[in-house]
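Trainee: Predicted model and sequence follow; I will ask about them next.
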Amino acid sequence: GAEMAKLGFTVMTGGGPGIMEAANKGAYEAGGYSVGCNIILPFEQKPNRFLHRWIDIRYFFVRKFLLLKYSYAFVVMPGGMGTLDELFESLTLIQTKMIQNFPVVIFGSEYHKELCQHIRVMAENESISPEDMKLLFVTDSVPDLVEHIRLYAIKRFHLVKKPVSPSWWLGERKKKETLHSIQAE
């Protein structure tokens with residue numbers, strides 16, 4: 001989260017505990033902007049304390065839509081079913097050209113070893129195109145993750161770090177330096 005904030009990105013997570021909270025905390029403490037798309041569950045999920053703003057959402061599909069709409073990159077950390085749902089939704093939309101191709105980084109090669117192997121099996125069996133394998137970048141290195149996102153998000157979309165007032169879907173009015181789609185050149 002801190003490294004993404006240093007690049008100028010707003011860090012947006014599901015807004016809950018664990019790894020989501022860690023990413024939000026990293027951005028928050030690095031002076032970046034931290035946002036959560038919190039899902040309303042009967043147990044477990046409450047917005048974490050490192051969010052500048054958050055929205056409470058009743059349905060997972062709405063959260064996926066918001067995460068995709070406002071993203072220039074996805075970093076997939078070790079997670080559960082919701083994480084995989086968001087990963088495959090984003091890959092399917094990129095694969096079918098419904099959204100622009102942006103970097104999808106899987107962080108944690110050991111945790112995701114069987115998942116990545118299964119994706120390779122899908123390509124070998126022609127369930128997906130071998131070209132689809134290029135949609136993923138798997139790493140255990142934060143510097144490699146940062147460089148990948150710098151190359152395939154910041155350079156590809158011509159993003160520049162400018163002071164903006166992110167008065168977008170969460171209604172924030174406080175000025176911060178952040179990357180915002182309106183600021184793409």
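Mentor: Good, I have the coordinates. Predicted model, so just to flag it, every value in this text is computed and none were measured. Residues are numbered from 1 along each chain as shown.
Trainee: Nearest residue to the middle of the chain?
Mentor: With distances taken as C-alpha atoms, centre = their mean, residue 74 lies nearest the centre of the chain, 3.1 Å away.
Trainee: Tell me if I'm right that that one and residue 104 touch.
Mentor: Yes - using C-beta atoms under 8 Å, residue 74 is in contact with residue 104, at 4.8 Å. All C-beta spots, glycine's among them, are computed from the backbone N, C-alpha and C.
Trainee: which residues do these two both contact?
Mentor: Any residue near both residue 74 and residue 104 by C-beta atoms under 8 Å, 6 or more residues apart in numbering counts here, and that gives 87, 90.
Trainee: so how far is residue 119 from the residue of the chain most remote from its centre?
Mentor: Within the chain, residue 125 marks the point farthest from the mean C-alpha position, 28.8 Å out by C-alpha atoms, centre = their mean. Distance check for residue 125 against residue 119: by C-beta to C-beta, to the nearest Å, it reads 11 Å.
Trainee: Repeat that for residue 15.
Mentor: Distance, residue 15 to residue 119, by C-beta to C-beta: 27 Å.
Trainee: and if you look at residue 55?
Mentor: Separation of residue 55 from residue 119 (C-beta to C-beta) stands at 31 Å.
Trainee: More neighbours: which of the two?
Mentor: Set residue 55 next to residue 119 and count neighbours by other C-beta atoms under 10 Å: residue 119 wins out with 21 against 17.
Trainee: packing partners for whichever helix or strand residue 144 is part of?
Mentor: Taking DSSP states H and E as the definition, one finds residue 144 inside helix 142-149. In terms of contacts (3 or more C-beta pairs under 8 Å, 6 or more residues apart in numbering; DSSP states H and E), helix 142-149 is packed against helix 2-7, strand 104-107, strand 136-139.
Trainee: so which of these gets nearest residue 34?
Mentor: Within the helices and strands packed on helix 142-149, the stretch nearest residue 34 is helix 2-7; the backing value is 7.8 Å (C-beta to C-beta).
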